[in-house]
Every structure is written in C-alpha cells, then in structure tokens.
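Engineer: Quick one, what's the 3D model for this:
(chains A and B)
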2 protein chains.
Amino acid sequence: MTNKQQILAKRPTGMPGPDTWTLTETEVPELKDGQVLIEQHYISLDPAMRGWMNDSRSYIPPVGIGEVMRAGTVGKVIQAKNHPHFKEGDVLSGWGGVQQYTVTDGEGYYPVDTSLAPMPTYIGTLGMPGMTAYFGILDVGKIKEGEVVVVSGAAGAVGSIVGQIAKIKGCRVVGIAGGPEKCRYLTEELGFDAAIDYKNDSVPAGLKQHCPDGIDVYFDNVGGEILDAALARLRLHARVVICGAISQYNNRDNVKGPSNYLSLLVNRATMQGMIVMDYAQDYGTAAREMGQWLQAGQLKSREDIYEGIENFHATFTRLFTGEKEGKLVLKVKE
Amino acid sequence: MTNKQQILAKRPTGMPGPDTWTLTETEVPELKDGQVLIEQHYISLDPAMRGWMNDSRSYIPPVGIGEVMRAGTVGKVIQAKNHPHFKEGDVLSGWGGVQQYTVTDGEGYYPVDTSLAPMPTYIGTLGMPGMTAYFGILDVGKIKEGEVVVVSGAAGAVGSIVGQIAKIKGCRVVGIAGGPEKCRYLTEELGFDAAIDYKNDSVPAGLKQHCPDGIDVYFDNVGGEILDAALARLRLHARVVICGAISQYNNRDNVKGPSNYLSLLVNRATMQGMIVMDYAQDYGTAAREMGQWLQAGQLKSREDIYEGIENFHATFTRLFTGEKEGKLVLKVKE
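Structural biologist: This next block holds a predicted model:
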C-alpha cells in the first residue's frame, strides 16, 4: 500500500513556494505490536503551521527538513495490532501530518464520535481552532456580559468561534474580515453586531463607528495595522489576546511591532499571548460545552474543504491570501 | 510678592525647545478664606511631563497653552487663611506646578515629615517615582523570590527603586543604564547583580550573558530597541510592565512598536501598562514600608538637584539625554 506524503524540503523565507515541500510516495510499513494504521480523511490547515517551519526557538520544535509536514488530522483506523485502546473502525484525531496514512502507537490521538458531528468539525470547531477560541476568549480575554469585543480574522476558524462565544456570553461583538461576503456572513449568519471589511474600508473609521466607547477585549489573529487600529481604541483595563499574527508570519526580519502599544499604559490594559496546548487537560470540558452549543444551533461551524494531497501547497496558500470561507481543510482520502 | 512661573507657550513636536515655555512674573494674589500660600522649594522633573504636553486623549487632560506647566512639588506653607487642615510652617507635597509660589485650597496636597527624610525625597523615592516603582514591580510585575528581573532606565528615579525592591524581595536583578558610571552605581552602590551599559555595549549580548535562562519580569521605562531585546529573552509566563517609553516620547508619528511582541505568544507572557495614580488609596501603606526600608538602609535614594526656575528647560532636557544621576529635581527657592 502506497502512502503519499508532503515532506518539508527546505525552510522558506517569506511565503512558502511550491518547492517548499516535496510530494513523495512510500510503502506503508508492517504494523508492530501496539500500533494502529490510520487512513487519514482530513488534514487541518492552520496559520500556526507557518511558524513550525522556522528554525527558531518556539513553543514546539520546528518540523525537520526531510520530515512529514506536521498537521492535525482526522481519519479512520483500518488496521490495529494488539492496541490497548484503539480498534479497526475507530475514528481518531491527532497529529497525523500531511500524509494519507499514519502508523502510530496512538499517543496524542483521541477518538471522536461522528454521530455527533462530521469528521471535519473535529479538526475545526471541536478541534484545535475551537479550543483556541474557547480558552482564548474566556480564560485570557475574561469577557463579561455587556462588554465590547472585537476580533480580527473574524471569518476564520478561530475568529468565527471567538465571536460566537462572545455573543453567547452577552457581549457586543464586532468582527474584522476581508471582503463584503465574509462580512455579510458574520452579521447575517453568525449574529455579529457589526463587521468591518478591512480590504475595502478603513478599520480605524469602522472601529470608531461601531465601538464609539472603545473596546474591552480585542482578540488578535492578524497583527500589523489592524492590531494598531484596535490598540488605539482600547478602554480602561482592556485585554488584548494575542493568538496569532497572520499578516506578519511571512516577515522574517521586519515584523511590524504595534506602534500604539503605549495605549496599554494610558489605559492600564493587558496584552497576553496564549498557546492552546497549555489547556490540553481541559479540552474535554470545552468540547462538551461547545458540542452542546453546536447541537442547540447557538454555534455554527463552517469548513472550506479542498481535495487532494497534491494540492497541499496551493490550498495552504489560501490561509495567507484569505481566499477561503471558514476553517480550511484538505481532504486526502481518495 | 513676585511669582516666577513657567507657562506652556506652545505644543512641541519632538524634543521641547527653549521657546516651549515662557518664564513670566506675576504678583501673588491675596489669599481667600480656606486658602494657603506655598513657597515651593523643589520641583519634580519626570518623563511623564512630556506626555502631558500633547493634545491627545490620555489618562489626564493635557496642560493648556498659557497654563503653568504641571509638575509635582514640595514646599512650605508661608501663609494660611482659615484653612481647615494646613497651617504656616507645614511642608506640603502636591501638584504645585513649575512656579515659585502656589495659592491653593490644598486639594491634592499632603503634609510630609522632614524629620524622617529631606524634602526632595518626597518627590522622589517617597513620591510619585517611588510609588510607581513599588506598585509597578509588586502589583503588576508580581515578582516572586528567585525570579530574574530586568529593569531599563535602571539608574533613574523609578528604575533604581524597582531594582532595589526586587533585591529586597529576593530576585536576581539586572539593570540597563547609559554609561559606565551609572552601571557602577547600580552594582556597587545599589546591589544589583549585573548592569548593562546600553551606550557602549550590546543589550542583547548583555541579556544573554546575565540572564542565560531568560527573564521572568521586565520593567520597561524606555521602549524602543531595548524593549525588543528584553522581549526576545522572556521566559514562560513572563510579565512585562510598561511604565514608560522615554526613547519614544519625542516621536509624534513614528513610535517604534516592539517587533518582538510575538514573544508574548510563544511564551504565554503578559505585557501590562500601569499608571501610578490608580494606586492613590494605597500610597500611605507603600510610603510607610518604603520609609522603613530607607531608614534600615535597604533602599537608597539619590536626587540630582539643579537650581533656578529660569533653568527649567535646560534641566528638563536632561531627562532625555540621560545627563543626570538619579531623580531629577529643580530647586526653585532662592
């Protein structure tokens, strides 16, 4: 049986090109005792993957040259050899990498119930992006009923959940996204109070209009000019959650720092970074609550699914161009 | 009786020039019932004063054009007219402004005891700079015994107290200051564990050498490249206290934001701004504890005193050139 894999061929500077990865084919090895073979159905494409490609000190080691590209996955066990927990037919989510088949002892994988939600949801709203949104806005953002919450990358996998959780908790929510279609989606389908189209409109003007009394919590996925615009409108004791900075991930040496950071001083505000993996012991609790919101229709999940492991690079690029609607997923099961 | 006053003549862009203020002479008015006349002895010169001159939204209103320049003062009551609390001979600290005499109903003034500490100490270590250090490093920095603390502007009014308090609390303390003389003062007289001379040595290299395992708490008075160097060496769950940014105060439109702010994300760290006035209700408690440290010799206070209200501009400029040793004070009593 042949396994197609996307192998990291070199460390990119700037935006990864098609030659950043090499598509290879290898034979799936025989299982050893205690291993399972997972046929991967869906690969999660996330902005954080860009950071894992840099050879610099970070919260996890970088992907090595010649290694399968790291990625979250969901797939089905098609063989199991005396595994203590998993059996054929189990659907597992974990760090399967950008490949069609994964042989593993199961460490870091957990079973998911496809009768409650379809497979892609388990790498989206009920996976890492959803957990990031949940702990970021509740534990770091510490939102309270009636507060004004602004989120950037608002139509994306994390941002769309952040905004919906803030609405569930009784906040006024303003999303920043690229293009009228995404903005319409935020206000008409997800119930955001307002949306600002950063590609066509002024973000400072939009924030002034929609947050006339300022911002209590700003959840940032993008960095750059948009972070600066939000900082300029903080209220007293505001919290800024630094979850990502997609506008800066392809800048190696000239990351734009937030010029308006002294707004933190003037407003006695806090800017705090977060990494979802710190909350691993509480994922179960979060998934149960998010699952209830999904079933009650209070939380909507949208995946944008592309097909074919050979299209990995082209699909990955959509994270940075914004040409996607919701959580970006690559279907690799043929 | 004639009162010399420094009046704000115009709003400066960049570094204030000699024509930013006008030295005027007016007659001291007759006291009304409930007023006191204070002969000011010492004026506090602080970096925050630069911010008060800009016509922009901040934590207090800007000084108006034509108004006496705002400043902290300490002086003696030389007349009192039926004042409910203060009498002739009382020494009062408060917001007396850059002038020789202040007529006031006493609101915002508090009496100080010159048998415990000399007058200038009450606008330094026992005044606003000392309070800023105390609440900044303890309440915002939340230092714990054994942690690694780095402070910039370390030989200044705030920084020198921050470092000494951190030493009292059992931290390892590294100061960043300009020039070998200030660095020697930090390590030999104030007991800092190490000092980095940013004017002659590389701050990143110095931090690498003196904080090989990273920084737990960084107390920032300066912003710019030094803030970036500190961010690059944060430890997990580090706290960055944003107290000031003297390197940026004269930049109107091109404040340098911290390019390394994503270190907050990688290290789950927090950057928080503070304004000392928020702690006004606890000044008394802090002053008692700081007073005990002063008397026990655990805390050293150094003021750099210049003379003459007509030298206000030239003395004020020393805040930005760093040509001062400790807390900058202007003596205005002739």
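
Engineer: Would stretch A:147-165 count as contacting chain B?
Structural biologist: No - against chain B, stretch A:147-165 shows no contacts by C-beta under 8 Å from any C-beta of the partner chain, the least distance being 12.9 Å. C-beta coordinates here come from the backbone N, C-alpha and C atoms, glycine included.

Engineer: What mean pLDDT does that stretch get?
Structural biologist: The average pLDDT within stretch A:147-165 is 97.

Engineer: what about the strands in the stretch 51-200 of chain A?
Structural biologist: All strands of the stretch 51-200 of chain A, identified by DSSP state E, counting those that start in this stretch, fall at A:73-81, A:91-94, A:101-104, A:110-111, A:148-152, A:172-177, A:194-197.

Engineer: Any chance of those in a markdown table with mean neighbour count as columns?
Structural biologist: A markdown table is the format used below for these (neighbours: other C-beta atoms under 10 Å in any protein chain shown):
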| stretch | mean neighbour count |
| --- | --- |
| strand A:73-81 | 20 |
| strand A:91-94 | 21 |
| strand A:101-104 | 20 |
| strand A:110-111 | 15 |
| strand A:148-152 | 31 |
| strand A:172-177 | 28 |
| strand A:194-197 | 22 |
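
Engineer: can you put the ones you listed in CSV and add distance to A:Leu8?
Structural biologist: As requested, the strands of the stretch 51-200 of chain A are exported to CSV (distance: least, C-beta to C-beta, whole Å):
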stretch, distance to A:Leu8
strand A:73-81, 16
strand A:91-94, 19
strand A:101-104, 16
strand A:110-111, 26
strand A:148-152, 28
strand A:172-177, 30
strand A:194-197, 35
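
Engineer: So which residues on chain A come close to chain B?
Structural biologist: Taking C-beta under 8 Å from any C-beta as the criterion, chain A approaches chain B at residues A:57-59, A:223, A:228, A:242-245, A:248, A:254-275, A:278.

Engineer: Buried among these? Need that as a selection in ChimeraX.
Structural biologist: Provided next is the ChimeraX selection string for whichever of the residues of chain A next to chain B are buried by 16 or more other C-beta atoms under 10 Å in any protein chain shown:
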select /A:58,59,223,228,242,243,244,245,248,255,256,257,258,259,260,261,262,263,264,265,266,267,268,269,270,271,272,273,274,275
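
Engineer: So which of the residues of chain A next to chain B are in helices?
Structural biologist: Secondary structure defined by DSSP state H assigns A:228, A:263-266 of these to helices.

Engineer: what residues are up against the nearest residue to A:Lys142 once chain neighbours are set aside?
Structural biologist: Excluding the flanking residues, the one nearest A:Lys142 by C-beta to C-beta, 6 or more residues apart in numbering or on different chains is A:Arg239, at 6.1 Å. Counting by C-beta atoms under 8 Å, 6 or more residues apart in numbering or on different chains, A:Arg239 touches A:140-142, A:216-218, A:269-272.

Engineer: export these to a markdown table and tack on pLDDT?
Structural biologist: A markdown table is the format used below for those (pLDDT from 0 to 100):
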| residue | pLDDT |
| --- | --- |
| A:Val140 | 98 |
| A:Gly141 | 98 |
| A:Lys142 | 98 |
| A:Asp216 | 98 |
| A:Val217 | 98 |
| A:Tyr218 | 98 |
| A:Ala269 | 98 |
| A:Thr270 | 98 |
| A:Met271 | 98 |
| A:Gln272 | 98 |
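
Engineer: Relative to B:Phe312, which of those residues is nearest.
Structural biologist: Distances from B:Phe312 to these, taken as C-beta to C-beta, are shortest for A:Ala269 (32.8 Å).

Engineer: What's the separation between the closest one and B:Ile275?
Structural biologist: 11 Å (C-beta to C-beta, to the nearest Å).

Engineer: rewinding a little: work out for me the element the residue nearest to A:Lys142 sits within.
Structural biologist: Element membership for A:Arg239 (DSSP states H and E) is strand A:234-242.

Engineer: Can you tell me the closest non-neighbouring residue to A:His41?
Structural biologist: Leaving aside its sequence neighbours, A:His41 sits nearest to A:Lys333 (C-beta to C-beta, 6+ apart; 4.4 Å).

Engineer: Then A:Pro204 would be within a helix, right?
Structural biologist: Yes - assessed with DSSP: H, G, I helix; E, B strand; the rest coil, A:Pro204 lies in a helix.

Engineer: How about it: what's its closest non-neighbour residue?
Structural biologist: A:Ala229 is the one closest to A:Pro204 (C-beta to C-beta, 6+ apart), at 4.7 Å.

Engineer: Tell me who's in contact with the one you found.
Structural biologist: Applying C-beta under 8 Å, 6+ apart to A:Ala229 gives the contacts A:203-204, A:207.

Engineer: Please tell me which one of these counts the most neighbours.
Structural biologist: When neighbours are taken as other C-beta atoms under 10 Å in any protein chain shown, the top entry among the contacts of A:Ala229 is A:Leu207 (24 neighbours).

Engineer: Quick check: A:Gln164 touching A:Gln298?
Structural biologist: Yes - contact criterion C-beta atoms under 8 Å: A:Gln164 and A:Gln298 qualify, at 7.3 Å.

Engineer: Looking at those two now, which is surrounded by more residues?
Structural biologist: For A:Gln164 versus A:Gln298, neighbours defined as other C-beta under 10 Å are more numerous around A:Gln164 (25 against 14).

Engineer: if I pick the more buried one, what's in contact with it?
Structural biologist: A:Gln164 is in contact with A:190-191, A:293, A:298-300, counting by C-beta under 8 Å, 6+ apart.

Engineer: How about A:Lys256?
Structural biologist: Per C-beta under 8 Å, 6+ apart, neighbours of A:Lys256: A:223-225, A:247-248, B:257, B:259.

Engineer: please redo it, this time with the cut-off set to 10 Å
Structural biologist: Residues near A:Lys256 by C-beta atoms under 10 Å, 6 or more residues apart in numbering or on different chains: A:223-225, A:227-228, A:245, A:247-248, B:257, B:259, B:261.

Engineer: Distance to B:Pro120 added to those residues, as JSON lines?
Structural biologist: Formatted as JSON lines, the contacts of A:Lys256 follow (distance: C-beta to C-beta, whole Å):
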{"residue": "A:Gly223", "distance to B:Pro120": "45"}
{"residue": "A:Gly224", "distance to B:Pro120": "46"}
{"residue": "A:Glu225", "distance to B:Pro120": "45"}
{"residue": "A:Leu227", "distance to B:Pro120": "42"}
{"residue": "A:Asp228", "distance to B:Pro120": "40"}
{"residue": "A:Ala245", "distance to B:Pro120": "46"}
{"residue": "A:Ser247", "distance to B:Pro120": "49"}
{"residue": "A:Gln248", "distance to B:Pro120": "46"}
{"residue": "B:Gly257", "distance to B:Pro120": "36"}
{"residue": "B:Ser259", "distance to B:Pro120": "39"}
{"residue": "B:Tyr261", "distance to B:Pro120": "37"}
